[in-house]
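Chemist: Only the shape, not the letters, is given here:
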């Protein structure tokens, strides 16, 4: 797993990319145009000498092509696979690294899914790419086959799959899975990536002997033994290394102000006043939008300098169940707090604004946004994506969630404007008494 290239993405798309490089073609005029130094995204065209990624057609005749330090041929790469590419900035690919989300053995073939590495991978005609000639049919999968999967884990812990491929050309007897750590148990040395239980030990090689944490994005190599994935190596990914890269993917979360997004279920990106939008506008940043983003490290962390919307952006339905509220925080432990008796969970990817930290939020008035998720036992948890300080003179409050017994996150309305008991709603209200009552609640557009 010690890749020679920067690993840039956990998911990419099978759609053709109309990105910032879509008008660049090196077939007739090699080295005549500028290309980003680093690209990550979906292969939309490939031949024995050229490859197209994020709309950039690159001369790849002399590129080093690898997966996990093993050399490949350019023709081993198929359309739809996700790759990381380094270029000479002039339309020539120098290194290409295959970057799947999951590699492993099929242990069960179900009606509409296959089981790989202890997790269920959905199979549909749109994700079928198991072979270039086979018609779509789950009968094409066999227990014992090795497959390569491109996709991402959504906020509910389910796989959203873009492509499934025959992995026989890279099969070396070692499996791989990547995603965010959850349910970390340092005593028993286990954690989950989605449904998959991962076991590590003192002999597991961990990047720079770094500490594992819930929310950390990891690539894990090892083998699935039937009940758990036994890790031989764990790489902890750092999104800050994406500075200077162009990243392609799906918007999987966006805050209410559309100033912060999550890409591919993983990468948090700040939208600033300087962000340039192509083929769309900031209001088009919705879950399911397919975009290409040019990134730099800035004062807000990883920032988007330019965002280009791809064809069909926003056509997917929202998969996350979002929540939002404000109130006075009560610290529970170093990863959780409560507001009005509701417990909220943070992890290493939670964004704290206004210089807030977990150590400083106790008894502070804060605004919270996040998503409903599930833990390893299937229990619903409220996973926090963003925490901000509530301004002292702010008389409005955003409330998103389910109305229960006439209340929403412990708030009741003094004028009956919260009256749809049992329904989910996203409203903006006037604060009457913080943590208790609101009025004039109206649907937040």
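Modeler: Structure received. Only a predicted model underlies this, so the values are computations on that prediction, with no experimental measurement involved.
Chemist: which strand of the protein spans the most residues?
Modeler: strand 267-278 (DSSP state E).
Chemist: in stretch 151-159, what's buried?
Modeler: 151-155, 157-159 (16 or more other C-beta atoms under 10 Å). Glycine gets a C-beta too; all of them are placed from N, C-alpha and C.
Chemist: And that stretch, how far out from the chain middle?
Modeler: Chain-centre distance of stretch 151-159: 8 Å, with C-alpha atoms, centre = their mean, to the nearest Å.
Chemist: ok, now stretch 34-53?
Modeler: 22 Å.
Chemist: So for this protein, the centremost residue is which one?
Modeler: Computing the C-alpha centroid of the chain and ranking residues by C-alpha atoms, centre = their mean puts residue 265 first, at 1.6 Å.
Chemist: doesn't that one fall inside a strand?
Modeler: No - read with DSSP: H, G, I helix; E, B strand; the rest coil, residue 265 is coil and lies in no strand.
Chemist: If you count neighbours, what's buried in stretch 171-191?
Modeler: Under 16+ other C-beta under 10 Å, the buried positions of stretch 171-191 are 171, 175-182, 184, 190-191.
Chemist: Nearest to residue 141 among the residues you listed?
Modeler: residue 171 (15.1 Å; C-beta to C-beta).
Chemist: Can you give me every residue that contacts that closest one?
Modeler: With C-beta atoms under 8 Å, 6 or more residues apart in numbering as the criterion, the residues that contact residue 171 are 103, 146.
Chemist: pLDDT wise, what is it at?
Modeler: Among the per-residue scores, residue 171 holds a pLDDT of 74.
Chemist: The residue nearest to residue 421 when sequence neighbours are not counted: neighbouring residues, count only.
Modeler: Excluding the flanking residues, the one nearest residue 421 by C-beta to C-beta, 6 or more residues apart in numbering is residue 403, at 5.5 Å. Residues within reach of residue 403, counting by other C-beta atoms under 10 Å, total 22.
Chemist: again with residue 280
Modeler: Neighbours of residue 280 (other C-beta under 10 Å): 16.
Chemist: ok now do it, which residues does it touch?
Modeler: Counting by C-beta under 8 Å, 6+ apart, the residues that residue 280 touches are 289, 307-309, 313.
Chemist: and which of the buried residues of stretch 151-159 is nearest residue 246?
Modeler: For those, the residue nearest residue 246 by C-beta to C-beta is residue 152; the value is 18.0 Å.
Chemist: Adjacent strands (with direction) for the host helix or strand of the closest one?
Modeler: Using DSSP states H and E, residue 152 sits within strand 146-153. Sheet partners assigned to strand 146-153 using DSSP bridges are listed as strand 102-109 (antiparallel), strand 159-166 (antiparallel).
Chemist: between the buried residues of stretch 171-191, which is nearest residue 388?
Modeler: When the buried residues of stretch 171-191 are compared for distance to residue 388 (C-beta to C-beta), residue 180 wins out at 22.2 Å.
Chemist: Kindly present the strands paired with strand 146-153 as CSV, with separate columns for distance to residue 431 and mean pLDDT.
Modeler: As requested, the strands paired with strand 146-153 are exported to CSV (distance: least, C-beta to C-beta, whole Å; pLDDT from 0 to 100):
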stretch, distance to residue 431, mean pLDDT
strand 102-109, 46, 95
strand 159-166, 37, 90
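Chemist: if you compare those, which one is most tucked away?
Modeler: strand 159-166 (a mean of 22; mean count of other C-beta atoms under 10 Å).
Chemist: Mind checking what helix or strand follows the longest strand of the chain in sequence?
Modeler: strand 290-298.
Chemist: pretty sure residue 293 contacts residue 263?
Modeler: Yes - with contact defined as C-beta atoms under 8 Å, residue 293 and residue 263 form a contacting pair (6.8 Å).
Chemist: Give the residues shared as contacts by those two.
Modeler: Joint contacts of residue 293 and residue 263 (C-beta under 8 Å, 6+ apart) are 247, 249, 269.
Chemist: so what's the second one closest to, chain neighbours aside?
Modeler: By that I understand residue 249. Per C-beta to C-beta, 6+ apart, closest to residue 249 is residue 264, 4.0 Å.
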